[in-house]
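Enquirer: one predicted model, sequence on top.
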Amino acid sequence: MFNEKTKQFISQFSKFVVIGFVNTGIDFSILNLLMWLFKIYSGKWLILLNMISFTIAVVNSYFWNKFWVFKDKEESETGKKFSQFILITLIGMAINSSIVFGIATYIPPFFGLSKELWANLAKAAATGVSLIWNFTGYKFIVFKK
């Protein structure tokens, strides 16, 4: 039904999604812990909290993507690849944080949702958009064969 190249792509993207779920769990857990600790659920300080949680998840992401998803065993150009990974990720973080900030700050919660749940729904939307950006950047720039 699928050719070998398509099967490899599906396998690779599936692994990326699995790692994405793990990283999302890390990201959401840390973000919610920080929001709870500091009682911040909207506004400019939410960007800082989101950047902290996103960064921790990204460090985990780099190693899983390098060795499992994209099977990059090459030791040369590690610094260059890590720099590219960070650049793609920083752009992803800007996309992610902009969406979280925009929705949580400028769009009032629908259907009587709490501000906490609304911030989490904003984060879910942001995660979907940044997932597409990150996969494309990692596959075709950072870990290209």
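Expert: Looks like it came in fine. Here the structure is a predicted model, which means the values were calculated and not measured. Numbering: from 1, shown residues only.
Enquirer: quick one, helices of the chain?
Expert: In order along the chain, the chain carries the following helices (DSSP state H): 4-38, 44-64, 78-106, 115-137.
Enquirer: what is the orientation angle of the shortest one with helix 4-38?
Expert: It refers to helix 44-64. Computed with axes from the mean of the first three to the mean of the last three Cα atoms, to 10 degrees, the direction of helix 44-64 lies at 140 degrees from that of helix 4-38.
Enquirer: so which bits of helix 44-64 are buried?
Expert: Going by neighbour count (16 or more other Cβ atoms under 10 Å), the buried part of helix 44-64 is 46-47, 49-51, 53-54, 56-58, 61-62, 64. From N, CA and C alone the C-beta is placed, and that goes for glycine too.
Enquirer: report the angle between that helix and helix 78-106.
Expert: Computed by the same axes, to 10 degrees, the angle between helix 44-64 and helix 78-106 is 150 degrees.
Enquirer: measure T89 to E116 for me?
Expert: Taken as Cβ to Cβ, to the nearest Å, the spacing of T89 relative to E116 amounts to 26 Å.
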